[in-house]
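>>> curious how this folds, go ahead:
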Amino acid sequence: MEVTWIAILASLCMGIGAALVFVYAVKKNYFKDVENAKYHVFWSDVEELVDSPAKRGKGEKQEEIEDDQESDETHD
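Here you go, the predicted model:
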């Protein structure tokens, strides 16, 4: 029976804590421009893919493979 009351008290404390964190975030305007954040994340990921040196390295390796295949075909 004691464990039940401890669980109820713990859940009430967590609920009140979550409510207080939410009120604090609203007062500090953390939810002001939520939509803009996803675009910042998206475009930063796109820029990383475009500027990625690994992608350029992969392209160079693919060119070497194609050159090797062409040289094999000319020797046959």
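>>> any idea how far His40 is from Asp33?
10 Å (CB to CB, to the nearest Å). Where you see a C-beta, it was placed from the backbone N, CA and C, and this is true even at glycine.
>>> which SSE is immediately downstream of the strand or helix carrying Leu12?
Leu12 is located in helix 2-27, with elements delineated by DSSP states H and E. Note on helix 2-27: by DSSP H and E, the next helix or strand toward the C-terminus is helix 34-51.
>>> can you pull out the low-pLDDT segments for this structure?
The chain contains residues with pLDDT under 70 at 52-76.
>>> got the domain ranges for it?
1-32, 33-76 (automatic domain parsing).
>>> report the contact partners of Ala25.
Applying CB atoms under 8 Å, 6 or more residues apart in numbering, we find Ala25 in contact with Phe31.
>>> any idea how far Lys32 is from it?
Taking CB to CB, one finds Ala25 at 10 Å from Lys32.
>>> check contacts around Glu48.
No contacts exist for Glu48 under CB under 8 Å, 6+ apart.
>>> and the gap between it and Lys38?
In terms of CB to CB, Glu48 sits 16 Å off from Lys38.
>>> now Leu49
17 Å.
>>> and for Val50?
For Val50 relative to Lys38 (CB to CB), the value is 19 Å.
>>> one more: Phe31?
According to CB to CB, Phe31 and Lys38 sit 13 Å apart.
>>> number of nearby residues for Asn29?
Applying other CB atoms under 10 Å, we find 8 residues neighbouring Asn29.
>>> list the contacts of it.
Asn29 neighbours (CB under 8 Å, 6+ apart): none.
>>> now for Trp5, how many residues are close by?
9.
>>> from Val21, how far off is it?
On the measure of CB to CB, Trp5 and Val21 end up 25 Å apart.
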